[in-house]
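Colleague: Here is my input, please return the structure:
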Amino acid sequence: MTLVQTLGDVELGERIRMTVDGDSTIEGEATPVDYDPEERLRVEIDGEEDSRVRRDVRADRKNGDWTTPKVRRYTPNQGDWAVRGVVTDVRIEER
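Modeller: Have a look, this model is predicted:
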């Protein structure tokens, strides 16, 4: 199963642990999950202590292939989402 398929199977409220760029770990609860197997994947992750900080993982389908899933982060003082790194591993934790 690919990273996109694994993330696409995530259900609202499940805990996700992702390895980013091979060494950094991001984890939290899946909040909105938007997965269209023909178009896009976006999973927002709730886990920061500051509720104003948002994180998500996103990939898009282009010319029949998926782009590499990337973690992004948004804070109120930023103008836009900032890419934090490439997802290299995903684990869905047991409830």
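Colleague: beta partners of A82?
Modeller: For A82, the beta-bridge partners are R73 (DSSP bridges).
Colleague: What is the burial count for it?
Modeller: If you count neighbours by other Cβ atoms under 10 Å, A82 ends up with 11. No exception for glycine: its C-beta is placed from N, CA and C like everyone else's.
Colleague: Please apply the same query to S51.
Modeller: 7.
Colleague: if I pick it, what's in contact with it?
Modeller: By Cβ atoms under 8 Å, 6 or more residues apart in numbering, the contact list for S51 is empty.
Colleague: Low-confidence regions, this structure specifically.
Modeller: By pLDDT under 70, the weakly predicted segments of the chain are 48, 94-95.
Colleague: what about the residue nearest to the spatial centre of the chain, helix or strand, and which?
Modeller: Centroid-nearest residue in the chain: V57, 2.1 Å away (criterion: Cα atoms, centre = their mean). Element membership for V57 (DSSP states H and E) is strand 54-62.
Colleague: Give the buried residues for that strand.
Modeller: 54-59 (16 or more other Cβ atoms under 10 Å).
Colleague: Reformat those as JSON lines; add distance to N77.
Modeller: Formatted as JSON lines, these follow (distance: Cβ to Cβ, whole Å):
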{"residue": "R54", "distance to N77": "13"}
{"residue": "R55", "distance to N77": "15"}
{"residue": "D56", "distance to N77": "18"}
{"residue": "V57", "distance to N77": "22"}
{"residue": "R58", "distance to N77": "21"}
{"residue": "A59", "distance to N77": "26"}
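Colleague: which one of those sits closest to L7?
Modeller: Of all the buried residues of strand 54-62, V57 has the smallest distance to L7: 6.2 Å, by Cβ to Cβ.
Colleague: Next one: that closest one from L3, what distance?
Modeller: Applying Cβ to Cβ, to the nearest Å, the value for V57 to L3 is 9 Å.
Colleague: Mutual contacts of the two, please.
Modeller: Joint contacts of V57 and L3 (Cβ under 8 Å, 6+ apart) are 69, 87.
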